[in-house]
Each structure stands twice: as C-alpha cells, then as structure tokens.
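Engineer: Have a look; sequence and predicted model below, questions after that.
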Amino acid sequence: MQLVYSPASPFARKARMLILETGQQDEVELVEVASSPTAPNPQLTAANPLSKIPALIRTDGPTLYDSRVVTRFLDARAGSNLYPDDRIWEVLTLEATGDAIMDAGVLMVYETRCRPEDMQFEGWVDAQWGKIAGALDALDTRWISHLSGPLDMAQISVGCALGYLDFRHADRDWRKGRDSLNNWFAAFSQRDSFQTTAPI
Ligand SMILES: N[C@@H](CCC(=O)N[C@@H](CS)C(=O)NCC(=O)O)C(=O)O
C-alpha cells in the first residue's frame with residue numbers, strides 16, 4: 001500500500017501516527033507530493049479525484065480517501081481498536097472536532113497563499129478562527145476526561161489539529177485561557193509517533 005501525503009498535512013499526520021502506533025510502517029510506503037487547491041498534483045488527482053491529501057492506494061481494492069476513511073481502514077486492518085465500540089459516537093464526534101479545526105486552519109492558510117492579495121478577506125479568515133476557538137473551548141471544558149483515557153483515534157485527531165495550530169497559527173496563541181487542553185497536549189505530544197511526524 002502507498003499513502004500519498006505531504007509532511008505539512010495534519011490530515012495525513014493522523015494516518016502517519018496511526019501507522020506508527022499500530023506497527024504498519026513496513027506495509028505502507030509513504031509517497032510525498034506537493035499540492036494545493038490552485039495547483040493540484042496530477043499523481044494525487046489520479047489517486048483522489050478531489051485532489052486532497054491523504055489517499056491510501058491499495059493493491060487489493062480501490063484507493064481510499066478522506067483521512068477518516070483511511071484511518072478507519074488501517075485500524076480495522078491492524079485490529080488495533082482505535083475506534084472502540086463502547087465509545088464510538090464520542091470518538092467519531094471528537095475526531096470530527098479535530099478534523100474541523102484542521103479544515104478551518106488549512107482554509108486560513110489557503111486564503112493568503114492561494115488567493116490574489118486584492119481578493120483576500122480578513123473577516124472570513126477571522127470567522128474561520130472563530131470556529132477553531134469555539135472548538136478549542138469545547139475541548140478544554142467538556143472533553144478532557146475523554147482525551148485523558150486510553151489512546152483512540154479522537155485523541156490522535158485532536159493532537160494533530162493542535163500540532164497544526166502550533167505549526168501555522170502560533171501567533172493566535174491557542175493555549176491562552178485553556179490550561180486543561182494545554183496540559184493534555186503537553187503530555188500527548190511526547191508520544192514517539194507524534195514527534196516522528198512533526199510537520200516541516
Ligand atoms: N476531509 C479531508 C480533508 C483533506 C484536506 O483538506 N487536505 C488538504 C491538505 S492538508 C488538501 O489536500 N487540500 C487541497 C485542496 O483542498 O484542494 C480529509 O480528512 O482527508
């Protein structure tokens with residue numbers, strides 16, 4: 001199998017962390033591409049018609065895309081139970097929260113990187129940050145007990161989302177006023193799988 005990824009992508013990082021956590025690194029080759037909404041990479045488009053990273057090319061079935069599909073497949077394949085039945089709806093909702101933080105954070109980057117300067121809209125960028133701030137507050141006040149439980153895909157998603165905020169939006173200071181989330185992330189970010197997949 002091949003995982004089409006970019007080192008900066010938080011969505012691909014979810015899959016890369018899962019691969020390391022479940023010991024599948026010898027079975028998934030990492031194929032690096034550079035792509036953007038305005039300059040899609042042909043190799044990526046061949047794997048995923050939406051030209052979005054990541055995609056998992058399989059030899060025995062169709063290519064999978066959307067990080068949540070890729071991670072669910074790789075988890076099932078390894079039998080690693082990162083989507084445990086007994087708390088599946090919480091895990092999926094929390095994973096969706098992490099993914100939505102990434103979506104908004106990536107869109108903020110695209111606004112300045114992909115749009116001509118005279119078409120950029122600061123109010124729209126701030127509105128994306130508003131979504132992120134709301135999600136961070138929810139994580140800080142409602143989800144710490146779940147985040148502190150046994151490792152699951154929700155924690156990996158939230159960890160990758162916070163790592164992306166540090167990577168691209170450090171100036172927004174997401175930690176301010178969110179001590180519980182900050183403390184959780186300080187411990188989570190010590191994992192080898194997190195450190196090995198740091199964005200560049
Ligand atoms: N929902 C998708 C989002 C993936 C995504 O937006 N990836 C970004 C890179 S971080 C991308 O490929 N963007 C290109 C585009 O939007 O055209 C997933 O979870 O895989």
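Structural biologist: Yep, that arrived. What you see is a predicted model, and the numbers here were worked out from it, not measured in a lab.
Engineer: nearest spatial neighbour of Ser6, skipping sequence neighbours?
Structural biologist: In this structure, Ser6 finds its nearest non-sequential neighbour in Ile53, 5.3 Å apart by Cβ to Cβ, 6 or more residues apart in numbering. C-betas here are computed from N, CA, C, even on glycine.
Engineer: so the one you found touches Ser9, yeah?
Structural biologist: Yes: between Ile53 and Ser9 there is a contact under Cβ atoms under 8 Å: 4.6 Å.
Engineer: follow-up on the earlier one: could you check the pLDDT of the residue nearest to Ser6?
Structural biologist: For Ile53, the pLDDT comes out at 98.
Engineer: cool, and Pro42?
Structural biologist: 98.
Engineer: Residue numbers of this structure in contact with the ligand?
Structural biologist: Residues of the chain lying near the ligand by Cβ under 6 Å from any ligand atom: 9, 11, 35, 37, 51-54, 66-68, 99, 106.
Engineer: And those, which is closest to Asp179?
Structural biologist: Nearest to Asp179 out of the residues of the chain next to the ligand is Asp99 (Cβ to Cβ; 24.1 Å).
Engineer: contacting residues around that closest one?
Structural biologist: Listed by Cβ atoms under 8 Å, 6 or more residues apart in numbering, the contact set of Asp99 reads Phe11, Ser67, Arg68, Ser157, Ala161.
Engineer: measure the third one to Arg191 for me?
Structural biologist: Between Arg68 and Arg191 the distance, using Cβ to Cβ, to the nearest Å, works out to 20 Å.
Engineer: returning to what we had before: mind checking what secondary structure the residue nearest to Ser6 has?
Structural biologist: Of the three states, Ile53 takes coil under DSSP: H, G, I helix; E, B strand; the rest coil.
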